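Participant: What follows is a protein structure lacking sequence information:
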């Protein structure tokens, strides 16, 4: 399989990580940046005119913040370095092909490739990205290029309709960002219970790892705990122990857990008892 050459604009962690991973996968890669970023070896920044680098590439990745995508696309259009032989992809999980509208007149294929994975260390990106999913979107040529790049990295490409990207990206926030937030809440409750801070920071990590491993069976199949068991006494005790804001968060999550528990086979009468406990707590404020 021919591996197209790639030009990456933006040398943050994701830009550098993709440069290293794509290079290791056999793509010729040029990394461009106007800012002074610490660069991971063996990466090198292109220091000549941007147009020269763009002419050498087939696929152009805009590895910049969401708010900078359209302005960068406008710059590229005004410079005239992008033409009909190019594919231009941005990496936003939220925005779609329309973010690249300033390049529409160039004739380039336009779309997006969103790695559904965090890259905290560019040097380990190839390992982190392998096996992860990639949301791809755009016109036909962009989809083909995005799928090729994703599969060459060992990622699993998934086509996302443009209008569905906000919903898809909100799911990513729940899965990653808000999982972290919930761990922060759990740590705070452990501290309130008098557990030493060093222990509280790690107390729930084995439990989280076990829960994550169980998710291979799907959320309903993986769900454990008092809501899944229909244990109204335990849930009532939790709610009584929590402050007002934590109680409201618990109630929101418990209602979703109750929906999953029903899917997993919690008997209707047990689900009804649980719903009454949650309703009483919500009414009491």
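Facilitator: Good, I have the coordinates. Treat the numbers as computed from the prediction; the structure is a model and nothing was measured.

Participant: just the helices in the stretch 1-150 of the chain please.
Facilitator: Assigned by DSSP state H, counting those that start in this stretch, the stretch 1-150 of the chain shows helices spanning 13-24, 50-55, 69-79, 125-129, 140-152.

Participant: Can you say which of those is nearest to residue 186?
Facilitator: helix 125-129 (24.8 Å; CB to CB). In this view, the C-beta of every residue, glycine as well, is placed from N, C-alpha and C.

Participant: Who are the contact partners of the spatially closest residue to residue 263 that is not a sequence neighbour?
Facilitator: Closest residue to residue 263 apart from its sequence neighbours, by CB to CB, 6 or more residues apart in numbering: residue 220 at 4.1 Å. By CB atoms under 8 Å, 6 or more residues apart in numbering, the residues touching residue 220 are 260-261, 263-264.

Participant: hang on, the earlier thing: looking at the helices of the stretch 1-150 of the chain, which is nearest to residue 232?
Facilitator: Nearest to residue 232, of the helices of the stretch 1-150 of the chain and by CB to CB, is helix 125-129 at 41.6 Å.

Participant: Can you work out which other helices and strands pack against the closest one?
Facilitator: Under the contact definition 3 or more CB pairs under 8 Å, 6 or more residues apart in numbering; DSSP states H and E, helix 125-129 sits against helix 13-24.

Participant: Report the distance from the helix it packs on to the chain centre.
Facilitator: 17 Å (CA atoms, centre = their mean, to the nearest Å).

Participant: need the contact list for the closest residue to residue 10 other than its chain neighbours.
Facilitator: Counting by CB to CB, 6+ apart, residue 10 lies nearest to residue 63, which is 3.5 Å off, once chain neighbours are set aside. Residue 63 makes contact with 8-12, 14-15, 18, 91, according to CB under 8 Å, 6+ apart.

Participant: Mind picking the two most distant members of these?
Facilitator: 11 and 91 (13.0 Å).

Participant: can you tell me how far residue 224 sits from residue 52?
Facilitator: 58 Å (CB to CB, to the nearest Å).

Participant: How much space separates the nearest residue to residue 195 once chain neighbours are set aside from residue 188?
Facilitator: With sequence-adjacent residues excluded and distances taken as CB to CB, 6+ apart, residue 195 is closest to residue 203, at 6.4 Å. Between residue 203 and residue 188 the computed distance is 12 Å (CB to CB).

Participant: Counting neighbours, go ahead and name the busier of the two.
Facilitator: The neighbour count for residue 203 versus residue 188, taken as other CB atoms under 10 Å, is higher for residue 203 (17 against 12).

Participant: where does that one land on pLDDT?
Facilitator: In this model, residue 203 is scored at 98, pLDDT.

Participant: same question, the one 10 residues further on
Facilitator: At residue 213, the predicted lDDT confidence score is 95.

Participant: packing partners for the helix or strand containing it?
Facilitator: For residue 213, the host element (DSSP states H and E) is helix 205-214. With contacts taken as 3+ CB pairs under 8 Å, 6+ apart, helix 205-214 sits against helix 219-222.

Participant: Quick check: closest non-adjacent residue to residue 141.
Facilitator: Using CB to CB, 6+ apart, the nearest residue to residue 141 is residue 109, at 3.0 Å.

Participant: Going through the contacts of residue 220, which ones are buried?
Facilitator: By neighbour count, with 16 or more other CB atoms under 10 Å, those hold 260-261, 264 as buried.

Participant: CSV for these, including secondary structure, pLDDT and distance to residue 248?
Facilitator: Below are the buried ones among the contacts of residue 220 laid out as CSV (DSSP: H, G, I helix; E, B strand; the rest coil; pLDDT from 0 to 100; distance: CB to CB, whole Å):
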residue, secondary structure, pLDDT, distance to residue 248
260, helix, 98, 19
261, helix, 98, 20
264, helix, 97, 25
